[in-house]
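In: Sequence first, predicted coordinates after that:
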Amino acid sequence: MSEEISYQAKDILMKRLNELYKSTSLKVYGLDLPAIKNVLPTNLPDIKINERRADNIFELVDDSILLTEYESDPRYIDLIKYADYAFKIAERYCTSKLPRVKLLVIYTGDVESAPSFLDLEDIYLNFRQVFLSKFDGQKMYEDVRTKIKNNDTLTSEDVMKLILSPLTKKNDKQKLVEDAIELAKEVKDEDTKNLMIAGIIAASYKFIDGDYLSKVERWIRMTGLERIFDDLYREEKRKILKEKEEEKIEALNELAQKKDMEKLGAVHETEIETQKKIARNMLKKNADDVFIMEITGLTKAQILNIKNENFIN
């Protein structure tokens, strides 16, 4: 794997891990928050070209939205960026009532303190924080090691603990990474083993010594773990292409609706209601959003409002 692929793997795999373990990924951080119900898209409107997407956006079981960001260097400019993400989330999911948005920043072991709020006088935002430096990474490792040695069943929380353990330390990350990977190799269940190793590499690749990384990469190729990366790249590419197609249809539909409104007025509103009825029937049959947009001429926001009708009523 090249250095470029390692960067892609880190981004893709960390998101996939949160999708796979969405029901337990918050518990491992010691957070008293409702469980995750859905993983939401991280492509927000009007993000600048030179900005990356939000790390993770979750819908919780209490119907609030959780924005999660990972940081190793606390800066006010990043808090401002996350505030911007929060407002874009509120814009995207605003219906007849405002969404409730929670902001969470998870700091690696290099950080022991960071600002917990953003005070812009008339705008004040609080940030929930997790400092991995306060976690006992060695104990997390030993707890999982005991279960593996005893052939006990590993929970998803155990998997996340081993993956995160190297991030809890400011020093000795290399040794923790090596220990975690070598321990993961002892897991008998192939899927769990591969996922743990891929997750450790994705989360800690910046701290892995080049020689050791080459050794791990050779093992990855020998065991076929490389297929996981390939499959994830294909899946990510498919998602990106779908998002681009959705954006294109969205722009065309918005333009068409604007022109129809200018020409037809009230007649256009009647036509929109007819298309909404069609969209409701298509949603009941689990039709894809992009397909519904193509058939009905509705925008993504209009379809989202239809989806939220049952919740609002």
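Out: All right, it came through fine.

In: Can you tell me the strand partners of the helix or strand harbouring Leu67 and which way each runs?
Out: Leu67 belongs to strand 65-71 when assigned by DSSP states H and E. Take DSSP bridges as the rule and strand 65-71 pairs in its sheet with strand 56-60 (antiparallel), strand 101-107 (parallel).

In: Lowest average confidence across the ones you listed, which one?
Out: Ranked by mean pLDDT, the strands paired with strand 65-71 end with strand 56-60 at the bottom, a mean of 85.

In: With just CA atoms, put it into CSV.
Out: Written as CSV, here are the backbone C-alpha positions of strand 56-60 (Å, rounded to 0.1, in the frame of the first residue of the first chain):
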residue,chain,number,x,y,z
ASN,A,56,-19.0,11.5,11.4
ILE,A,57,-22.6,12.6,11.6
PHE,A,58,-25.0,10.4,13.5
GLU,A,59,-28.7,10.4,14.2
LEU,A,60,-29.3,9.3,17.8
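
In: Neighbours of Asn150, how many?
Out: 7 (other Cβ atoms under 10 Å). In short, each C-beta sits where N, CA and C put it, glycine included.

In: And it, how far from Val144?
Out: 11 Å (Cβ to Cβ, to the nearest Å).

In: Over to Asn286?
Out: 38 Å.

In: rewinding a little: give the rounded mean pLDDT of the strand holding Leu67.
Out: 87.

In: what's the following helix or strand after that strand?
Out: Defined by DSSP H and E, the subsequent element after strand 65-71 is helix 76-92.

In: Buried residues, that next one. List them.
Out: Leu79, Lys81, Tyr82, Ala83, Asp84, Tyr85, Ala86, Lys88, Ile89, Arg92 (16 or more other Cβ atoms under 10 Å).

In: now swap in stretch 278-287 and tell me
Out: Ala279, Met282, Leu283.

In: can you list the domains in this protein?
Out: Taking automatic domain parsing as the criterion, the chain consists of the domains 31-134, 238-312.

In: Give me the nearest residue to Tyr76, chain neighbours excluded.
Out: Residue nearest to Tyr76 in three dimensions, not counting chain neighbours: Pro115, with 6.7 Å by Cβ to Cβ, 6 or more residues apart in numbering.

In: doesn't the one you found fall inside a helix?
Out: No. Read with DSSP: H, G, I helix; E, B strand; the rest coil, Pro115 is coil and lies in no helix.

In: list the contacts for it?
Out: Pro74, Tyr76, Leu79, Phe127 (Cβ atoms under 8 Å, 6 or more residues apart in numbering).

In: which stretches of the stretch 151-300 of the chain have low pLDDT?
Out: 202, 205-210, 212-214, 216-217, 219-244, 259-268 (pLDDT under 70).
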